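>>> Would you be able to build a 3D model of this:
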Amino acid sequence: MGMPKFHSITVAEALTKLPGSKGERFVELFKHGTLSVELYAPRGKDPQKPHTRDEVYVVVTGKGDFVAAGERKNFQPGDMLFVAAHVEHRFENFSDDLAVWVFFYGQEGGER
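Model (predicted):
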C-alpha cells in the first residue's frame, strides 16, 4: 500500500464518529509513522490520564480552562496547547461543544 501522499477529514466528518461504540469521546483518524491524529470531544468531565508520548492539542470549538503541570490557562478556538509525555493534564470548566484535534508524535517517553 505504501506511504500516504494525502489525507483529509473535516471536523464535521470526524464528529460523526463520536461517541465510539463504547462511549469513547475520542477517535483516531490518521496514523503515519509516529504521528497519530485524533479528535477529542469530552462531555461533562475530562477523565484522561497522562500519556506516554508528547502531544499537541488544537482547539476547534469550545472554551474553558486547560490545567497542565500545575498551571491553568484559558483556551478558545484556534489555540494550541502542548503537553510533554507523562505530564498530568486535563480540560476543566469547558463548554459543551469542546472539540480538539490531538496530535501524538515521537517516541514513547517523549522527545528529548
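>>> quick one: low-confidence parts of this protein?
Scanning the chain for pLDDT under 70 picks out the ranges 1-3.
>>> where along it do the strands fall?
Ranges of strands within the chain are 26-32, 35-40, 54-61, 64-68, 71-75, 80-83, 89-92, 99-105, based on DSSP state E.
>>> May I see those arranged in a markdown table, with mean neighbour count as well?
C-beta here means a position set from N, CA and C on the backbone, and glycine is covered the same way. As requested, the strands of the chain are arranged in a markdown table below (neighbours: other CB atoms under 10 Å):
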| stretch | mean neighbour count |
| --- | --- |
| strand 26-32 | 15 |
| strand 35-40 | 18 |
| strand 54-61 | 18 |
| strand 64-68 | 17 |
| strand 71-75 | 12 |
| strand 80-83 | 15 |
| strand 89-92 | 17 |
| strand 99-105 | 19 |
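>>> Now tabulate the ones you listed in CSV and tack on distance to R112.
Formatted as CSV, these follow (distance: least, CB to CB, whole Å):
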stretch, distance to R112
strand 26-32, 22
strand 35-40, 18
strand 54-61, 10
strand 64-68, 19
strand 71-75, 22
strand 80-83, 15
strand 89-92, 20
strand 99-105, 13
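>>> V11 is nearest to which of these?
V11 sits nearest to strand 54-61 of all the strands of the chain, at 5.3 Å, using CB to CB.
>>> Keeping just the C-alphas, turn the closest one into PDB.
Output in PDB follows, covering the C-alpha atoms of strand 54-61 (Å, rounded to 0.1, in the frame of the first residue of the first chain):
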ATOM      1  CA  ASP A  54       4.200  14.100  23.600                       C
ATOM      2  CA  GLU A  55       1.000  15.700  22.300                       C
ATOM      3  CA  VAL A  56      -0.300  18.900  20.800                       C
ATOM      4  CA  TYR A  57      -4.000  20.000  21.000                       C
ATOM      5  CA  VAL A  58      -5.500  22.500  18.600                       C
ATOM      6  CA  VAL A  59      -8.900  23.800  19.900                       C
ATOM      7  CA  VAL A  60     -11.600  23.600  17.200                       C
ATOM      8  CA  THR A  61     -14.600  24.600  19.200                       C
END
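>>> No more questions from me, cheers.
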